[in-house]
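> sharing a model prediction with you, sequence too.
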Amino acid sequence: MIFFRIAGMFLIVMPVTFLTAFFSLRLTFDYPHILREPTDYILRRFAEGGSRLIVFWYIFTISAVLIIPMALFFQLVFVEQHRYLATSAAVVGAIGGLVQTMGSLRWVFLVPSLANQYHSDRVTPATREAVTVAFLAFHRYAGTALGEHLGSLLTGVWTILISSMMFSTPLFGPSLAVMGIISAVGILTGLFEPAGWRLAGGISTLGYIGWAFWLLIAGVLLIQV
């Protein structure tokens, strides 16, 4: 039962950390909408945010790191009944947390330097162009490809795997399982945003918020065991 409570602890700490960082970034940086804005606007807003904005991104990155132990401990709740499915879920969830961490780290260690160089009083046009190229390269690879696309895909799949096991677990039951699946569908909808579906980003955001509360409920149930 000690592993259940450890899993429950991660299931509470992770979404609380995520929601704190998410809404802080939404209020101060217009996240996630700002991710689709031009480079000049993004770097200017980042520079204006100062050290406080970097702290918010650091907290956001920590929430991604916490997905890894959360996934590894949560599978222990189901491993007796669903050995292979639980193990698969742990692997998918941990990799999802890893790629989301990789996507978020650029805001903590790379973008601050790029924003300072871009808005320096002594910046040359050539330097500004080089900064733009560097930012876009990491933004599209580490951000769009890894963090947003692959990270969301793996998180959605992990949530569906966990939810499918919840149906046969009396501690959780069908209602929480359905909530997880709905959240996962919302998260996975975000994968269609690059194809031009404008509503996909907003639906994905709502999916992540619902996902966080789904985790919280599961965590509260586990620590009471």
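That came in fine, so what should we check first? Residues are numbered from 1 along each chain as shown.

> any idea how far Arg128 is from the residue located most distally from the centre of the chain?
Here the chain reaches farthest from its C-alpha mean at Arg122, the gap being 36.3 Å by Cα atoms, centre = their mean. According to Cβ to Cβ, to the nearest Å, Arg122 and Arg128 sit 11 Å apart. The C-beta positions use only the backbone N, C-alpha and C, and glycine is treated the same way.

> what touches both of the two?
Overlap of the contact sets of Arg122 and Arg128 (by Cβ atoms under 8 Å, 6 or more residues apart in numbering) is empty.

> now stretch 95-104: average pLDDT?
Average pLDDT, stretch 95-104: 96.

> what strand or helix carries the closest residue to Ala184 other than its chain neighbours?
Sequence neighbours aside, Thr159 is the residue nearest to Ala184 in space, at 3.9 Å (criterion: Cβ to Cβ, 6 or more residues apart in numbering). Assigned by DSSP states H and E, Thr159 falls within helix 151-166.

> and the next helix-or-strand element following that helix, what's buried?
Downstream of helix 151-166, the next assigned helix or strand under DSSP H and E is helix 173-189. By 16 or more other Cβ atoms under 10 Å, the buried positions in helix 173-189 come out as 176-177, 179-189.

> now swap in stretch 5-21 and tell me
Buried positions in stretch 5-21, judged by neighbour count with 16+ other Cβ under 10 Å: 6-19, 21.
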